[in-house]
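Asks: Okay, here's the prediction I keep looking at, along with the sequence it came from:
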Amino acid sequence: MIKAYTFKGPNISELNLRTLENNIDKAIWIDLYHPSVREEDYIEKLLGINIPTREEMHEIELSSRLYVRQSTLFATITIVTNINSLHPESHSVSFVLHGNCLISIRYVEEPSYEALFTRDKLDTSHEITGSYLLGIMLDHITENLADTIEHISHKIEETSHQIFKYSYTNNGISKTGIPNFKNIISNIGLSEDLLSKARESLFTLTRMLGFILQSPYYQDSEEKKQITTVMRDVTSLIEHATFLSQKMTFLLDATLGMINIEQSSIIKIVSVAAVVFLPPTLVASVYGMNFHYMPELDWYIGYPFAIFLMILSGFLPYKLFKYKGWL
């Protein structure tokens, strides 16, 4: 799909594709959404440039993402979508600055930039150029990444409360119930996946910003200031994302530590139960032997004596463990 736009003052208007060939010099922004080979060839012939293909947009080499050919600037970044789902996605978006025109190439429905170019976003005193529109788009992408990192921060805070929410009694038994550590580890993994995608997007964005600042398109002081502000925001987001990554590592270690504590508590209970019931079992085993000469078998109080002895032999280890603070 091809959409071409021009600006009359602060107002955006869409150009008729049938007459685009005759009005290509008026196009300030051309948006290619999931373009076909035929549509790519059409734009390439109109502008005399090579549009990056989908395969080229996914190249990881820096030279394949950021380059200048015949005064035309090509830049590709990664954006994050579906942040509220269980499966967030990363998509490559390419921008081409060709003269006064900006070309965006994307294979994902998001983001939709038409709503950005309103009276509130556009500076009516500034000439509307492709480089100026690109600055607004990059600022919008940065805002979305900031929202994503804020979303991750809230999820990490909730996970932290789940891990450390117990209140233990003096004997170490949880009064509020044991959290579902399996779900907690799963939530940490999902947050880490989203954060890694956001950090990847931030890194590609900061490389792009540094690259385009060196280009002739951003020699104007106002536009250069716009990109510098976005770069400063991206740098602060990277620092915050690094902090969140370290916090998630701590939470994962804490969760595994809590699981070990719970397992140790279960093993301790089983061990204590085994020790407490071992002496009564020994007494019962002795008096269960079928020897002919056992004096206690003829006692009138032999049975109550054996019961009392089993209770006493189990009670004394229990009291010893309580005294030592092992229970």
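Replies: That came through fine.
Asks: and Glu59, that one's in a strand?
Replies: No - assessed with DSSP: H, G, I helix; E, B strand; the rest coil, Glu59 is coil; it does not lie in a strand.
Asks: Retrieve the pLDDT associated with it.
Replies: If you check Glu59, the pLDDT there is 81.
Asks: just Ile51 next, same as before
Replies: Ile51 is given a pLDDT of 85.
Asks: Is it correct that it is in contact with Leu32?
Replies: Yes - shown here, Ile51 and Leu32 form a contact pair, counting by CB atoms under 8 Å, at 7.1 Å. For the C-beta atoms, the positions are set from N, CA and C on the backbone; glycine is no exception.
Asks: anything in contact with each of the two?
Replies: Glu40, Ile43, Ile103, Ile105 (CB atoms under 8 Å, 6 or more residues apart in numbering).
Asks: Generate a PyMOL selection restricted to the buried subset of the residues you listed.
Replies: Buried residues within these, by 16 or more other CB atoms under 10 Å, are selected in PyMOL with:
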select buried, resi 40+43+103+105
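Asks: can you give me the strands in the protein?
Replies: Using DSSP state E, the strands assigned to the chain run over residues 2-8, 11-14, 29-33, 66-69, 72-81, 89-98, 101-106.
Asks: What helices and strands are in contact with the last one?
Replies: Yep, that's strand 101-106 we're talking about. Secondary-structure packing of strand 101-106 (3 or more CB pairs under 8 Å, 6 or more residues apart in numbering; DSSP states H and E): strand 29-33, helix 37-47, strand 89-98, helix 130-163.
Asks: Let me have the ones you listed in JSON lines, adding distance to Leu316 and mean pLDDT as columns.
Replies: Shown next, in JSON lines, are the helices and strands packed on strand 101-106 (distance: least, CB to CB, whole Å; pLDDT from 0 to 100):
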{"stretch": "strand 29-33", "distance to Leu316": "80", "mean pLDDT": "86"}
{"stretch": "helix 37-47", "distance to Leu316": "87", "mean pLDDT": "85"}
{"stretch": "strand 89-98", "distance to Leu316": "64", "mean pLDDT": "88"}
{"stretch": "helix 130-163", "distance to Leu316": "39", "mean pLDDT": "89"}
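Asks: so which of those gets nearest Phe203?
Replies: Of all the helices and strands packed on strand 101-106, it is helix 130-163 that lies closest to Phe203, at 11.0 Å by CB to CB.
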